[in-house]
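Peer 1: Model the following, please.
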Amino acid sequence: MRTELLPVPLAPEISLHLAGGGTGLFDATGGEFRSDVPPPFWAFVWAGGQALARYVLDHPETVTGRRVLDVACGSGVAAIAAARAGAASVEAVDLDPAAAAAAERNAAANGVAVRAWAADISDAGPADVILAGDVFYTRSVAGAMTTALRRAAGSTGLILVGDPGRGYFPERLFVRRAEYTVPVPAALEETDALVTGVWEMRNTMRSSTNKL
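Peer 2: Have a look, this model is predicted:
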């Protein structure tokens, strides 16, 4: 899929190699889903990732000096924000090798270091902060991600999720830390903005001082 270097709408400090505004997720496959090739999620900056990036940039103390892992990283926008905000190290994983490659390319375009590779959260090393943007978009994916994040919560200081109200988000496990109105491509979402929350997993809540 053809991309161009564009600023992230909610976090214009970051630029990513993205598909044009009128491009849909399946345009590169003639509008058809192909089970043998993952859709190019990495060519778009989704609402959850944008919200996480904005939150991290506005609250650098969340990641400064810490090891950060961006799960199902897509374009790598949250990972790049963490690197810009002073994280000690940033890793990004995605099941799609093309997404991992895109995240590293985007990090280089922003002059930050992100180590990205094709893997699942269970294959990643230890992290102080886990970021996950827009990972609850189908029942099966949401179930697997919920299980993985709950397992990681025991050894991770903070888990933050960006979610724009997807139907399978397990809200009961999280506390909302921020909310944004995020510009999104109408070709993807059938609207030009989504109200998107940044949520902290309850198992990793540090203190009531961070509550809104």
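
Peer 1: Looking at residue 136 now. What's its pLDDT?
Peer 2: Each residue has a pLDDT score; the one for residue 136 is 96.

Peer 1: Verify the contact between it and residue 165 for me.
Peer 2: No. Counting by C-beta atoms under 8 Å, residue 136 sits too far from residue 165 to count as a contact (9.7 Å). (Each C-beta comes from the backbone N, C-alpha and C, glycine too.)

Peer 1: okay, these two: which has more neighbours?
Peer 2: residue 136 (22 against 13; other C-beta atoms under 10 Å).

Peer 1: Please report how far that one lies from residue 171.
Peer 2: 10 Å (C-beta to C-beta, to the nearest Å).

Peer 1: Could I get the average pLDDT for stretch 69-81?
Peer 2: If you average the pLDDT over stretch 69-81, you get 98.

Peer 1: what separates it from the chain centre, distance-wise?
Peer 2: Remark: stretch 69-81 is offset 5 Å from the chain centroid, using C-alpha atoms, centre = their mean, to the nearest Å.

Peer 1: residues contacting the spatially most central residue of the chain?
Peer 2: Among the residues of the chain, residue 133 comes closest to the average C-alpha position under C-alpha atoms, centre = their mean, at 3.1 Å. Shown in contact with residue 133 (C-beta atoms under 8 Å, 6 or more residues apart in numbering): 46, 48-52, 70, 72, 74, 77-78, 161-162.

Peer 1: again, only using 7 Å
Peer 2: Contact partners of residue 133, counting by C-beta atoms under 7 Å, 6 or more residues apart in numbering, are 46, 48, 49, 52, 78, 162.

Peer 1: same deal with residue 96?
Peer 2: Listed by C-beta under 7 Å, 6+ apart, the contact partners of residue 96 are 38, 42, 118.

Peer 1: separation between it and residue 17?
Peer 2: 15 Å.

Peer 1: Over to residue 117?
Peer 2: For residue 117, the distance to residue 17 - C-beta to C-beta - is 18 Å.

Peer 1: and the nearest residue to residue 10 once chain neighbours are set aside, helix, strand or coil?
Peer 2: Nearest residue to residue 10, sequence neighbours excluded (C-beta to C-beta, 6 or more residues apart in numbering): residue 50, at 4.2 Å. Classification of residue 50 by DSSP: H, G, I helix; E, B strand; the rest coil places it in helix.

Peer 1: Do I have it right that residue 50 meets residue 182?
Peer 2: Yes. Applying C-beta atoms under 7 Å, one finds residue 50 in contact with residue 182, separated by 4.9 Å.

Peer 1: Tell me which of the two has more neighbours.
Peer 2: Shown here are residue 50 and residue 182; by other C-beta under 10 Å, residue 50 has more neighbours (29 against 25).

Peer 1: With that, I have no additional questions.
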